[in-house]
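What follows is a predicted structure for the sequence shown.
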Amino acid sequence: MILRRSPRSPDTPGRSVAGRSRFVGLLMACLSPRPGTRTDDAEASDGEAGFVLLSVLLAALLFVAVAASFALRARILTLQTGNLSEMARAQAEIDGVALYAADALRPPKVAAPSEADLVAAALSGGKVQAAPLPPLPLPVDGIPLICHRPQGGTLTVRAVDQGALIDLNGASVPMLREFLQAAGLDSETARRLADEIGDFRDPDDAPQENGIGERAQYRQAGLAWGPANRPFVDVEEIARLPSAMPALVARLRPLFTVANPRAGLDLSQTPGATAGLLTADVLKQPALARWQLASPRTDFMVEAALQRADGSVAAARHAFLRFEGPDGGALRIVRWLRPPYEVGAPGRAEPSDDAFCAGLATALPAAVAVKR
């Protein structure tokens, strides 16, 4: 009897190879990624690429921001340099105007009296009459004078003869009281303020009239300082007095000076010099007229301002000057300041073809235009 193997037997060579092939194919299919899926290595590679791209973009943005910042800063520096250059030119121009005005105030040389005048005066027992001083080329009573600039805008010049103001050191206490009342203060306030001015400058601690020690008055007013017991060196020091409230100081400031060391003032120039605080009618009062004393015309305050077409001030100069020497012709600048405020005072304005503006146009042709 012959035994035959079953067709399903695994030992059949053909069937065995075919089965193993199908098994390997199925296993590879299971291990292979399905369509639409990615391996971890591929995903990691893409993540690294994305991170590098983002870093490059951030670096580019940072570079652009830094470049824009430098460009903006350079633009600002350029504008600042231009503004500083413009300010320097304007300040140099106005300084030239102030110096020209100062030179214009130089006292003219007066001819010496002749021998015949001296003999006549000796025979008559009198004195030789001094020749009257010629007028100055610009007002010295505080009235602003305006000159027009060819580039637009104006130059405003104002001069004040210090001989027309009340000197804080030279005026007596009675004189101070009378002029303070004439300026509108009531008698009690005028008396108290005049006494405080006297106490501030005298060398002792004895009060003028009220019986309270000078330093005690300051303590009662809540002030940490006392009287200086020395001459005033600046008009602004009146703000240190016990009765000098800010509004009162601002009101009275135009009255005073420290450059007229006399017990008198030139009343002919006072109304304009004090910005109308003391009017001509008030100064005719006998109590005030007795303090009339002609100005020596040696000390002046000069203000000059360059105003743009819109009225704003581009540059300004505030100067105190004095003429010294045997003939009074040596100019000395006592103070040379740059005021942070707009200069000028209410009043008339001289025409732009005034003689002073014409002379200024000749000296500084780029600064002034004169009407033809």
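Received, thanks.

Give me the helices and strands touching the host helix or strand of Val157, please.
Using DSSP states H and E, Val157 sits in strand 154-161. Judged by 3 or more C-beta pairs under 8 Å, 6 or more residues apart in numbering; DSSP states H and E, the packing partners of strand 154-161 are helix 40-104, strand 145-148, strand 299-307. Yep, even glycine has a C-beta here, placed from its N, CA and C like the rest.

Centre of the chain to the helix or strand that comes right after it, how far?
Counting by DSSP H and E, the next helix or strand C-terminal to strand 154-161 is strand 166-167. Taking the mean of its C-alpha atoms, strand 166-167 sits 26 Å from the chain's own mean (C-alpha atoms, centre = their mean, to the nearest Å).

Could you do stretch 320-334 as well?
On C-alpha atoms, centre = their mean, the centre of stretch 320-334 falls 27 Å from the chain's centre.

start to end distance for it?
5 Å (C-alpha to C-alpha, to the nearest Å).

residues of it that come out buried?
By neighbour count on 16 or more other C-beta atoms under 10 Å, the buried set for stretch 320-334 is Phe320, Leu321, Phe323, Gly328.

per-residue confidence for the second one?
Here the pLDDT value assigned to Leu321 is 95.

Could you check how far it is from Trp225?
31 Å (C-beta to C-beta, to the nearest Å).

Low-confidence stretches in the stretch 101-250 of the chain?
110-133, 208-212 (pLDDT under 70).

can you pull out the helices in it?
Along the stretch 101-250 of the chain, counting by DSSP state H, counting those that start in this stretch, helices occupy 115-124, 173-182, 187-201, 214-220, 246-252.

residues making contact with the last one?
Counting by C-beta atoms under 8 Å, 6 or more residues apart in numbering, helix 246-252 makes contact with Leu180, Ala183, Leu193, Ile238, Ala239, Leu277, all of which sit outside it.

Go through it and flag the buried ones.
Leu248, Leu252.

Any chance you could list what contacts the following helix or strand past it?
Using DSSP H and E, the helix or strand that follows helix 246-252 in sequence is strand 256-257. The contact list for strand 256-257, computed with C-beta under 8 Å, 6+ apart, reads Gln162, Leu165, Ile166, Asp167, Leu168, Val235, Ile238, Asp299, Met301.

which of those count as buried?
Neighbour counting over these (16+ other C-beta under 10 Å) leaves Gln162, Leu165, Ile166, Asp167, Leu168, Val235, Ile238, Asp299, Met301 as the buried ones.

Could you work out the most separated pair of these?
Using C-beta to C-beta, the buried ones among the contacts of strand 256-257 span at most 18.7 Å, a distance reached by Ile238 and Asp299.

isn't Asn145 right next to Val157, touching?
No Asn there; residue 145 is Leu. Yes - taking contacts as C-beta atoms under 8 Å, Leu145 lies within contact range of Val157: 5.0 Å.

okay, and the common contacts of these two?
Common neighbours of Leu145 and Val157 (criterion: C-beta under 8 Å, 6+ apart): Leu138, Phe356.

Which of those two has more residues huddled nearby?
Applying other C-beta atoms under 10 Å to Leu145 and Val157 shows that Val157 carries more neighbours, namely 28 against 24.

so can I have JSON lines of the buried residues of stretch 320-334 showing distance to Glu93 and secondary structure?
Converted to JSON lines, those look like this (distance: C-beta to C-beta, whole Å; DSSP: H, G, I helix; E, B strand; the rest coil):
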{"residue": "Phe320", "distance to Glu93": "21", "secondary structure": "strand"}
{"residue": "Leu321", "distance to Glu93": "19", "secondary structure": "strand"}
{"residue": "Phe323", "distance to Glu93": "24", "secondary structure": "strand"}
{"residue": "Gly328", "distance to Glu93": "29", "secondary structure": "coil"}
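
Which one of these is nearest to Tyr100?
Set against Tyr100, the nearest of the buried residues of stretch 320-334 by C-beta to C-beta is Leu321 (12.3 Å).

quick one, what contacts the closest one?
Going by C-beta under 8 Å, 6+ apart, the list of residues near Leu321 reads Ala102, Leu105, Asp299, Phe300, Met301, Val302, Leu331, Arg332, Ile333, Val334.

Check the spacing between Asp299 and Arg158 real quick.
From Asp299 across to Arg158, the span is 15 Å (C-beta to C-beta).

ok, which stretches of the stretch 201-350 of the chain are strands?
Along the stretch 201-350 of the chain, counting by DSSP state E, counting those that start in this stretch, strands occupy 256-257, 299-307, 313-324, 330-337.

do you know which of those strands lies nearest Leu364?
Between the strands of the stretch 201-350 of the chain, strand 299-307 lies closest to Leu364; by C-beta to C-beta that is 11.4 Å.

about what we covered before: can you redo the helices and strands packed on strand 154-161 as CSV with distance to Pro261?
Shown next, in CSV, are the helices and strands packed on strand 154-161 (distance: least, C-beta to C-beta, whole Å):
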stretch, distance to Pro261
helix 40-104, 21
strand 145-148, 28
strand 299-307, 9
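
so how many other residues sit close to Asp354?
19.

And for it, nearest residue in space, chain neighbours not counted?
In space, and not counting its chain neighbours, Asp354 is closest to Leu145: 6.5 Å by C-beta to C-beta, 6 or more residues apart in numbering.

quick one: contacts for the one you found?
Here Leu145 is in contact with Leu138, Pro139, Thr156, Val157, Arg158, Ala349, Glu350, Asp354, Phe356, Cys357 (criterion: C-beta under 8 Å, 6+ apart).

I am finished for the moment; much appreciated.
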